[in-house]
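*Asks:* no FASTA, just this:
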């Protein structure tokens, strides 16, 4: 019965959960400064803004993985800190396959949602786009000018993991703050100039983040390995205002047409 796993199956699956591997990546990332008051407003407690209001938007493509197959995705993160830890708080993370969405939401609480993702390169020019509901609401462009010797890279990201109660009144348990470490084995690294365009989409309002100054773009290729842990729980009432940011606007999608 394949819905019920054997002890051997469970051991194999637990090993995958412990170290997800996202392989043969191509990633375009553009860094920018945003408004400090926007960073302060979007961070759930107990996260605090980092010293500078830095943000990054990425479009990525993975040709293989040990958990969800090939997929493409994107992310918008802002710099944050928890005690002595600093990393990116992930505001949104669109993906193009249901396998990638389900795995990341259930394991790490990642704010994933379905989207059309495109990452293309022509010579030194790289373009990444994210489209939902017929709107290309994230668009990145980079002109690559410098090739660098790739070095192993370490990453740090914060997510919140929670589920809504079945009666809709709060959460099953207090939300959990997770810290995800990533180790990237880079094979290729280029840098250059970049540009970012955000467009209005009520279901994923990235346009609320002002782009004060673009700091540059990077294009990388390599393999990514991630490791997660729980840092602390967050009182439910404190987290409640932030709990609906990773779902689409139900009050818009759920409007019943007149006469229906």
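*Replies:* Yep, it's here. All of these numbers come straight from a predicted model, not from anything done at the bench.
*Asks:* C-alpha only now, for contacts and for neighbours.
*Replies:* OK.
*Asks:* Run through the neighbouring helices and strands of the top strand by length along the chain.
*Replies:* For the chain, the strand with the greatest residue count under DSSP state E is strand 176-198. Secondary-structure packing of strand 176-198 (3 or more CA pairs under 8 Å, 6 or more residues apart in numbering; DSSP states H and E): strand 21-33, strand 135-148, strand 153-161, strand 213-233.
*Asks:* Mean neighbour count, these: which tops it?
*Replies:* Of all the helices and strands packed on strand 176-198, strand 21-33 has the most neighbours on average by mean count of other CA atoms under 10 Å, namely a mean of 22.
*Asks:* just checking, next helix/strand downstream of that strand?
*Replies:* helix 36-42 (DSSP states H and E).
*Asks:* mean confidence for that next one?
*Replies:* Helix 36-42 shows a mean pLDDT of 98.
*Asks:* Next: stretch 56-69.
*Replies:* Mean per-residue pLDDT for stretch 56-69: 98.
*Asks:* Neighbouring strands of the longest strand of the chain in the sheet, and parallel or not?
*Replies:* If you go by DSSP bridges, strand 176-198 pairs up with strand 135-148 (antiparallel), strand 153-161 (antiparallel), strand 213-233 (antiparallel).
*Asks:* Now distance to residue 206 and mean pLDDT too, for those, in JSON lines please.
*Replies:* Below are these laid out as JSON lines (distance: least, CA to CA, whole Å; pLDDT from 0 to 100):
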{"stretch": "strand 135-148", "distance to residue 206": "8", "mean pLDDT": "98"}
{"stretch": "strand 153-161", "distance to residue 206": "17", "mean pLDDT": "97"}
{"stretch": "strand 213-233", "distance to residue 206": "16", "mean pLDDT": "98"}
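*Asks:* Redo the ones you listed as TSV? Include distance to residue 205.
*Replies:* Converted to TSV, the strands paired with strand 176-198 look like this (distance: least, CA to CA, whole Å):
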stretch	distance to residue 205
strand 135-148	9
strand 153-161	18
strand 213-233	19
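*Asks:* out of the ones you listed, nearest to residue 247?
*Replies:* Residue 247 lies closest to strand 153-161 among the strands paired with strand 176-198, at 13.4 Å (CA to CA).
*Asks:* what sits up against that closest one?
*Replies:* Residues outside strand 153-161 that contact it (CA atoms under 8 Å, 6 or more residues apart in numbering): 86-90, 105, 108-110, 175-186.
*Asks:* check contacts around the nearest residue to residue 60 once chain neighbours are set aside.
*Replies:* Excluding its sequence neighbours, the residue lying closest to residue 60 (CA to CA, 6 or more residues apart in numbering) is residue 27, at 4.3 Å. Neighbour list for residue 27: 58, 59, 60, 61, 218, 219, 220, 221 [criterion: CA under 8 Å, 6+ apart].
*Asks:* sorry, back to before: what about the helices and strands packed on strand 176-198, which gets the closest to residue 204?
*Replies:* Nearest of the helices and strands packed on strand 176-198 (CA to CA): strand 135-148, 8.4 Å.
*Asks:* Strand 21-33 and the closest one, what's the angle between them?
*Replies:* On the basis of axes from the mean of the first three to the mean of the last three CA atoms, to 10 degrees, strand 135-148 is oriented at 100 degrees to strand 21-33.
*Asks:* chain center to strand 135-148: distance?
*Replies:* Computed by CA atoms, centre = their mean, to the nearest Å, the separation of strand 135-148 from the middle of its chain amounts to 17 Å.
*Asks:* excluding its backbone neighbours, what's nearest residue 142?
*Replies:* Residue 142's closest residue in space is residue 194 (CA to CA, 6+ apart), at 4.2 Å.
*Asks:* which ones are touching residue 92?
*Replies:* 75, 76, 77, 110, 111, 112, 204, 246.
*Asks:* Tell me which two in these are the farthest apart.
*Replies:* For those, and using CA to CA, no pair is farther apart than 110 and 204, which are 14.2 Å apart.
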